[in-house]
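**Student:** can you look at this prediction? I've put the sequence above it.
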Amino acid sequence: MEDTESTTAERKTGKDVIQEGDQVLMCSKPLHRFIQREPKSLGIVILICGCAELLMGFQLAGESVQTSCVIYIPFWQGALFLVCGNLSIYTEVHPSKKMVTVCLAMYVVSLLGIVVSTVFRIYCFTEYGYLTYMAKKYSGDTWAFKRMEQLFGIEGILFTSSLCVSGLLIFLCAVARLALKSTHTQVIVQRIPAPQSETSN
């Protein structure tokens, strides 16, 4: 009888500890795995790349030669990156199957946008190469040659960052797709440390 009473007391104590110091979340197991992949950290990286796209877009918009701003790539691609980054951060803080579905849809749209921007920027690179060759061989204008090199560098940085973001988006798409496959739910206990009481000397 004493053992039974002690076991019951331990169970009650355990429940009290969970209620006081822990936060109980109802979540599916694959959804929990999606959260464990830290989409918040990846979302911050995507946010930074989106800000870079927007800032460089204002610089490229004032150029007289053809840039990626002809079809406003830095602006709409930067906006897509910002939306994806914010959704990834929000989904880790407030996980739900609905939010993962929205994230997956935006990841796919952003990947399609990256494909369009990649093709157009490759075309811009060939155009810059031709203009640089003409400026160096025929005009002899050093300023025009350096200007084309600067444009090539800016577009190259944005091109590289978009490829890096595409890798992150593909990874997040795969994890999000796995998270949407299961409907099994389980209790996830998120431990929150209790505030330390001040001890009087």
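**Tutor:** Perfect, I can see it now.

**Student:** when you work out contacts or count neighbours from here on, use the C-alpha atoms and nothing else.
**Tutor:** Will do.

**Student:** helices of the protein, start to end?
**Tutor:** 2-21, 29-36, 39-61, 73-93, 97-134, 142-179 (DSSP state H).

**Student:** with distance to residue 67 added, can I get the ones you listed in a markdown table?
**Tutor:** Converted to a markdown table, the helices of the chain look like this (distance: least, Cα to Cα, whole Å):
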| stretch | distance to residue 67 |
| --- | --- |
| helix 2-21 | 56 |
| helix 29-36 | 38 |
| helix 39-61 | 7 |
| helix 73-93 | 9 |
| helix 97-134 | 6 |
| helix 142-179 | 8 |
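
**Student:** which of the ones you listed is buried the deepest?
**Tutor:** Ranked by mean neighbour count, the helices of the chain are led by helix 73-93 with a mean of 22 (mean count of other Cα atoms under 10 Å).

**Student:** for the nearest residue to residue 85 once chain neighbours are set aside, give its distance to residue 160.
**Tutor:** Nearest non-adjacent residue to residue 85, counting by Cα to Cα, 6 or more residues apart in numbering: residue 43, 3.9 Å away. Between residue 43 and residue 160 the distance is 17 Å, computed by Cα to Cα, to the nearest Å.

**Student:** contacts only, for the residue nearest to the spatial centre of the chain.
**Tutor:** Nearest to the mean C-alpha position of the chain, by Cα atoms, centre = their mean, lies residue 43 at 2.9 Å. The contact partners of residue 43, taken as Cα atoms under 8 Å, 6 or more residues apart in numbering, are 84, 85, 86, 87, 88, 89.

**Student:** and the residue lying closest to the third one once chain neighbours are set aside, how close does it get to residue 59?
**Tutor:** Ranked by Cα to Cα, 6+ apart and with sequence neighbours excluded, the top spatial neighbour of residue 86 is residue 43, at 6.5 Å. Taking Cα to Cα as the criterion, residue 43 is separated from residue 59 by 25 Å.

**Student:** for residue 69, same thing?
**Tutor:** Distance, residue 69 to residue 59, by Cα to Cα: 9 Å.

**Student:** same question, residue 113
**Tutor:** Distance of residue 113 to residue 59, computed by Cα to Cα: 21 Å.

**Student:** do the same with residue 34
**Tutor:** In this view, residue 34 and residue 59 are 37 Å apart by Cα to Cα.

**Student:** with residue 163 instead?
**Tutor:** Using Cα to Cα, we find residue 163 at a distance of 21 Å from residue 59.

**Student:** same thing with residue 36?
**Tutor:** For residue 36, the distance to residue 59 equals 38 Å [Cα to Cα].
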